[in-house]
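Participant: Give me coordinates for this.
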Amino acid sequence: MLIDYSIRSFEILERKLKYFEKQEVFDVFLRLGKRMNLVDLPKDFEEFEIMRENHLHQNLQYSIYTKDLYKQYRHHLGIARYRLLLETQSLITPNKVRKYLHLKKNSLLSPVLPIYKIGKIISLDVFFKWLILPGTYRQKIKSLDYKNI
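Facilitator: Okay, the predicted model is just below:
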C-alpha cells in the first residue's frame, strides 16, 4: 500500500513517473522490508504489481475495524483535516478501494491541485503546509522539507 500510494501521490503532485523511477521507489521499500525481516517480499516492481492486485481482490473488505479507524481519524484530525483526508484518498486510492470506503470518484481537491503546483513554483507551498498542519508538528515537518537540507 505504501509503495502504491507513494507513487500515486507523487504523480498527482508532480508528474508521471517513468517505469525505472517506480522501480527505484519499490527498491527503497524493499530494502526497508528486508531490514525489518519481512518475508515473502516481491523481488521486483512487476511482481509487486501482481501481488498488489491479488491483495486488492482477495483481502480487501470493509469491516467494523475500518469503520472504527475512520471514526478515530475524524476524532483526532478534526472535521476540516478529516475532510481533507477523505478528499486526498479519493484522489489516490484505486477504484476498488474507493468503492469499499464509499469515497466519491471525483475529489474536490482536483481543481485545487493546479493552484498548489503553481504555488510551489513561487514558494506558496509553505503557506499551504502551514494552513494544513497542526501547530505542534509544523516545525518538525518543516525540518524534513528537502529545501531545508
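
Participant: Which helix runs longest in the protein?
Facilitator: The residue-count maximum for a helix in the chain (DSSP state H) belongs to helix 64-92.

Participant: by contact count, what packs against it?
Facilitator: Where contact means 3 or more C-beta pairs under 8 Å, 6 or more residues apart in numbering; DSSP states H and E, helix 64-92 is packed against helix 2-13, helix 95-100. Using the backbone N, CA and C atoms, a C-beta is placed for each residue, glycine as well.

Participant: what pLDDT, on average, does the following helix or strand past the last one get?
Facilitator: The C-terminal neighbour of helix 95-100 among helices and strands, as given by DSSP states H and E, is helix 113-121. Per-residue pLDDT over helix 113-121 has a mean of 82.

Participant: Please enumerate residues in contact with helix 113-121?
Facilitator: With C-beta atoms under 8 Å, 6 or more residues apart in numbering as the test, helix 113-121 has contacts from I12, L13, L124, D125, F127, F128.

Participant: and if we set it to 10 Å?
Facilitator: Contact with helix 113-121 is made by 12-15, 91, 107, 109, 112, 124-128, as judged by C-beta atoms under 10 Å, 6 or more residues apart in numbering.

Participant: likewise stretch 23-34?
Facilitator: 2-4, 6-7, 10, 17-18, 38-49.

Participant: try 7 Å
Facilitator: Residues outside stretch 23-34 that contact it (C-beta atoms under 7 Å, 6 or more residues apart in numbering): L2, I3, S6, I7, L41, D44, F45, F48.

Participant: mind listing what the first one touches?
Facilitator: This means L2. Residues in contact with L2 (C-beta under 7 Å, 6+ apart) are F29.

Participant: just the fourth one next, same as before
Facilitator: I7 makes contact with L17, K22, V25 under the criterion C-beta under 7 Å, 6+ apart.
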